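>>> When you get a sec, could you give me coordinates for this:
(one chain, ligands or ions: 1)
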Amino acid sequence: MIKASAVITFESKLLLKGESLAKRLSVPHIDAISKQIIKKPDIVSYIRSKFEIKVSKLKVVLIYQNSGLYLVQITKKEFLFICANFHGNTVKYRRQKGGGKNEMIAKATGLSIDSNLSILDATCGLGRDAFILASIGGYVTMIERIVEIHALVEGALMQAVEWGKLSDPKLVEILNRMKLIKADAISHMLSINRDSRPDVVYLDPMFPTRKKSAKVKKEMNVLHNVVGSDSDSHEMLRVALSCARKRVVVKRPKAAQALGCEKVNYTFKGKSNRYDVYICAN
Ligand SMILES: C[S@@+](CC[C@H](N)C(=O)[O-])C[C@H]1O[C@@H](n2cnc3c(N)ncnc32)[C@H](O)[C@@H]1O
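Predicted structure coming up:
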């Protein structure tokens, strides 16, 4: 797992956010506002000028620029930028033209039949699945334990709310159904009292050898370096099974083994992923 080495702020209105994030991460904050840098190649050159970048070493920094918060993975060869986004064109297109209740994830979680389910997304990551679940109607609590990833999602949620209030009230309704918590999901699930248990627990732990498009592969590579290998996912399933009222859904690459030794009740297969469903009687 690689921790961020610094937070760099390029945008004046985000200065306080940059400083407070650096404090939370206990890393230096670099104020680059006076440089008036906007374009990606200039950001890359600036970062190169600030850090010694060794061939064999990976570095990660968080940057605030005009379009939001990004995590940048730096190697001698390339700079990879990742971010969470809940209001851009790609997300909007998926929301409006996606399969809605016919999406595999809607069927696997049960949202296709009951759209008011409460869902605990115990492995939030960049929040893509959580957003799909909320756009179908689910009330989604997202748990993320890695502070850098949590910060990306938190920033993207705030940005999307601001955007939605100005021009997309439907988006605000969706975002109001999403709640983000920085925690370890196992401890969080163990601390939930009986009356507050979610209907569904959704798990999508890191899987090292996913076959994905080049772009997604790069993103996964960054996520993997920052997050590690989620080696406690078997334990997470065990705890999830006693936490969910109705079911636990585990997203797996299509050909991967099921998580843990518990019996899968049924499976929904997609093009590259599948959803294993465990029915609970809690
Ligand atoms: C493969 S990513 C999830 C991607 C996500 N489904 C999406 O749509 O963006 C797995 C994420 O789960 C998080 N995670 C894994 N185990 C966790 C745990 N026990 N508690 C909290 N977060 C966890 C990892 O830090 C990582 O960010």
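>>> taking the mean pLDDT, what do you get for stretch 164-182?
For stretch 164-182, mean pLDDT rounds to 96.
>>> Repeat that for stretch 100-110.
Averaging pLDDT along stretch 100-110 gives 91.
>>> Give the buried residues for that stretch.
Buried residues in stretch 100-110, defined by neighbour count with 16 or more other C-beta atoms under 10 Å: Gly100, Glu103, Met104, Ile105, Ala106, Lys107, Ala108, Thr109, Gly110. In short, each C-beta sits where N, CA and C put it, glycine included.
>>> Mind listing residues that contact it?
Applying C-beta atoms under 8 Å, 6 or more residues apart in numbering, the external contacts of stretch 100-110 come out as 99, 111-112, 115, 117, 119, 129, 132-133, 136, 138, 199-200, 202, 246-247, 249, 251, 268-270, 273, 275, 277.
>>> how about the residues of the stretch 1-150 of the chain near the ligand?
Thr123, Gly125, Leu126, Gly127, Arg128, Asp129, Ile143, Glu144, Arg145, Ile146, Ile149 (C-beta under 6 Å from any ligand atom).
>>> Point out the ones among these that are inside helices.
Here DSSP state H is the test, and these give Arg128, Asp129, Ile149 as lying in helices.
>>> unless I'm mixing things up, the last one is touching Cys124, no?
Yes: Ile149 lies in contact with Cys124 (C-beta atoms under 8 Å); the separation is 7.5 Å.
>>> Which one of the two is surrounded by more residues?
Remark: of Ile149 and Cys124, Cys124 carries more neighbours, 28 against 21, as counted by other C-beta atoms under 10 Å.
>>> Now do the contacts for that one.
Cys124 makes contacts with Ala130, Met142, Ile143, Glu144, Ile149, His150, Val153, Leu180, as judged by C-beta under 8 Å, 6+ apart.
>>> Phi first, then psi, for the closest residue to the ligand within the stretch 101-250 of the chain.
Nearest residue of the stretch 101-250 of the chain to the ligand: Gly125, at 2.6 Å (C-beta to the nearest ligand atom). Phi and psi for Gly125, reported as degrees, to the nearest 10, are phi 50, psi -130.
>>> tally of neighbours for it?
By the criterion of other C-beta under 10 Å, Gly125 has 22 neighbours.
>>> And the one 4 residues further on, by the same measure?
The tally of other residues near Asp129 (other C-beta under 10 Å) stands at 21.
>>> His87 is in contact with Ala160, correct?
Yes: at 4.0 Å, Ala160 counts as touching His87 under the criterion of C-beta under 8 Å.
>>> okay, the two: which has more neighbours?
Applying other C-beta under 10 Å to Ala160 and His87 shows that Ala160 carries more neighbours, namely 24 against 21.
>>> got JSON lines for the buried residues of stretch 100-110, with secondary structure too?
Shown next, in JSON lines, are the buried residues of stretch 100-110 (DSSP: H, G, I helix; E, B strand; the rest coil):
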{"residue": "Gly100", "secondary structure": "helix"}
{"residue": "Glu103", "secondary structure": "coil"}
{"residue": "Met104", "secondary structure": "helix"}
{"residue": "Ile105", "secondary structure": "helix"}
{"residue": "Ala106", "secondary structure": "helix"}
{"residue": "Lys107", "secondary structure": "helix"}
{"residue": "Ala108", "secondary structure": "helix"}
{"residue": "Thr109", "secondary structure": "helix"}
{"residue": "Gly110", "secondary structure": "coil"}
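>>> Closest one of these to Ser187?
Thr109 (23.1 Å; C-beta to C-beta).
>>> Quick check: the closest one vs Ile63, distance?
Remark: distance between Thr109 and Ile63 (C-beta to C-beta, to the nearest Å) = 34 Å.
>>> Neighbours of the nearest residue to Lys271 once chain neighbours are set aside, how many?
Distances taken as C-beta to C-beta, 6 or more residues apart in numbering put Lys254 closest to Lys271, at 7.7 Å, once the chain neighbours are dropped. Neighbourhood size, Lys254 [other C-beta under 10 Å]: 13.
>>> do Pro41 as well
For Pro41, the neighbour count with other C-beta under 10 Å is 9.
>>> quick one: contacts for the residue of the stretch 101-250 of the chain closest to the ligand?
Under the criterion of C-beta under 8 Å, 6+ apart, the neighbours of Gly125 are Glu144, Ile149, Asp204, Leu223, Val227.
>>> Run a quick check on the first one versus Lys179, I expect a contact.
No: using C-beta under 8 Å, Glu144 is not in contact with Lys179, being 11.8 Å away.
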